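Q: based on what follows, work out the 3D shape:
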Amino acid sequence: MALARYVWGYGNESHAAQLLPWAAGASVVDGANKRSFMRPRERKTLAKSCTSIARGLVDQGDRALGAEVYEMVVLIEPHYAIYNLLARLAYENDQWAKTLSCWETSLKPDTGQVHTLRLAGQMAYNLEHYPTALAVE
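A: This is a model prediction of the structure:
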């Protein structure tokens, strides 16, 4: 959907150079389990480019499409900050279980996020996931 909207925005598929980051992103997403064909530096560069696009979409009010692009980013190069952004977008849409899942995933690589720990604990408690709430806080 994101690639189709991007092409639609330009109205002409001949702008191939404009589509290169998206085409590369789609191929990485399709083969997410086979990330070894891209060097780590290339993955980070691609993830940064897609993150900028997602941030622009969210800032322009297209939050659903922005969230979809962020989902692509974490398949390319997982990072706790992107999971926190996804949690925020899910929270704004009253998707409580997804919000908690994103926060829990964000906390796996970096448990020092005090604010995220508190929010995840409160969300788990509100969802009546008491063992999770106790484990998180």
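
Q: next, the buried residues of stretch 106-114.
A: Buried residues in stretch 106-114, defined by neighbour count with 16 or more other CB atoms under 10 Å: S106, L107, Q113. No exception for glycine: its C-beta is placed from N, CA and C like everyone else's.

Q: skipping adjacent residues, who's closest to the last one in space?
A: When you say that, I think you mean Q113. The shortest distance from Q113 to any residue that is not its chain neighbour, by CB to CB, 6 or more residues apart in numbering, is 6.2 Å, and that residue is L107.

Q: which stretches of this protein have low pLDDT?
A: Judged by pLDDT under 70, the chain has its weakly predicted residues at 1-38, 133-137.

Q: in the top helix by length along the chain, which residues are buried?
A: When the chain is parsed with DSSP state H, its longest helix is helix 40-59. Using 16+ other CB under 10 Å as the burial criterion, the residues of helix 40-59 that qualify are T45, L46, A47, S49, C50, T51, I53, A54, L57, V58.

Q: show me which pair in those is furthest apart.
A: Maximum pairwise distance in the buried residues of helix 40-59, criterion CB to CB, is 20.7 Å, between T45 and V58.

Q: before we move on, the earlier item: please flag which of the buried residues of stretch 106-114 sit within helices.
A: The helices, defined by DSSP H, take in S106, L107 from the buried residues of stretch 106-114.

Q: can you add distance to T99 and give the buried residues of stretch 106-114 back as CSV?
A: Supplementary listing: these in CSV, determined by distance: CB to CB, whole Å:
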residue, distance to T99
S106, 11
L107, 13
Q113, 15
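
Q: state the distance from S101 to G61.
A: Between S101 and G61 the distance, using CB to CB, to the nearest Å, works out to 25 Å.

Q: which residue of the two possesses the greater neighbour count?
A: Neighbour count, other CB atoms under 10 Å: between S101 and G61, S101 has more, with 17 against 9.

Q: other residues contacting the strand or helix carrying the more buried one?
A: Assigned by DSSP states H and E, S101 belongs to helix 96-107. Helix 96-107 is touched from outside by 80-81, 83-84, 86-87, 90-91, 113, 116-117, 119-120, 123-124, 126-127, 129, 132, 136, with contacts defined as CB atoms under 8 Å, 6 or more residues apart in numbering.
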